[in-house]
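J.: Give me the fold of what follows.
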Amino acid sequence: MASRGFLIRFIDVGLIVLFGFVMISEIDTVSRVELAAPTEDRPEQETRDALAFSAVEIGADGHFAILDPESGERIRGPIAGIVDLEAELEELSAANRGAGRETVILIRPHPASPVQYTVDVLDACDRLSLRKSLQTETTPTSSGNAAP
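T.: Next up is the predicted model:
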């Protein structure tokens, strides 16, 4: 019976320590990806005509490219760094604004690329006030383990 009391006290102390760490940790949202929502007040075709889609491909080596999302053809690139990519996106956005269209960036990271490259592109889109969408490909494995 004494060991049972010790176990309950041990669990109690563990939970207190856990909640203490949760309370002092900083939880901050840096980037927010908006999900698509249906628009009821405008026809779908009118909404699509007001948007200009471009894809940013993130290579495993850290190089970026801007693609036409439908054809997959490279519009601009390879782009060596995030500063150059941000300048290219700003130029693309200005051209689309001049045509009366809003720019939407489809972010396509390579499966082997570090997550930091994706975060950098998300931050660049936030700084330029561009809509963005993250597109990833997942390939299921037969063993249930992550792909190499």
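J.: And residue 60, how far from residue 114?
T.: For residue 60, the distance to residue 114 equals 8 Å [C-beta to C-beta, to the nearest Å]. For glycine as for every other residue, the C-beta is placed from the backbone atoms N, C-alpha and C.
J.: I misspoke; the intended subject was residue 103.
T.: From residue 103 across to residue 114, the span is 25 Å (C-beta to C-beta).
J.: Give me the more crowded residue out of these two.
T.: For the pair residue 103 and residue 114, the greater number of neighbours falls to residue 103 (22 against 13), based on other C-beta atoms under 10 Å.
J.: quick one: pLDDT of residue 16?
T.: If you check residue 16, the pLDDT there is 91.
J.: how much space between it and residue 25?
T.: Spatial separation of residue 16 from residue 25 under the definition C-beta to C-beta is 15 Å.
J.: mind saving the C-alpha coords of the helix or strand in which residue 123 is found as CSV?
T.: Residue 123 is part of helix 115-127, with elements assigned from DSSP states H and E. Taking only C-alpha atoms (Å, rounded to 0.1, in the frame of the first residue of the first chain), the coordinates of helix 115-127 have been written out as CSV:
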residue,chain,number,x,y,z
VAL,A,115,11.8,22.9,-43.7
GLN,A,116,13.6,26.3,-43.1
TYR,A,117,13.4,27.0,-46.9
THR,A,118,9.6,26.6,-46.8
VAL,A,119,9.4,28.8,-43.7
ASP,A,120,11.5,31.4,-45.5
VAL,A,121,9.1,31.4,-48.5
LEU,A,122,6.1,31.7,-46.2
ASP,A,123,7.7,34.7,-44.4
ALA,A,124,8.5,36.4,-47.7
CYS,A,125,4.8,36.0,-48.8
ASP,A,126,3.7,37.5,-45.4
ARG,A,127,6.1,40.5,-45.9
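J.: Stretch 88-102: which residues count as buried?
T.: 88-89, 92-93, 96 (16 or more other C-beta atoms under 10 Å).
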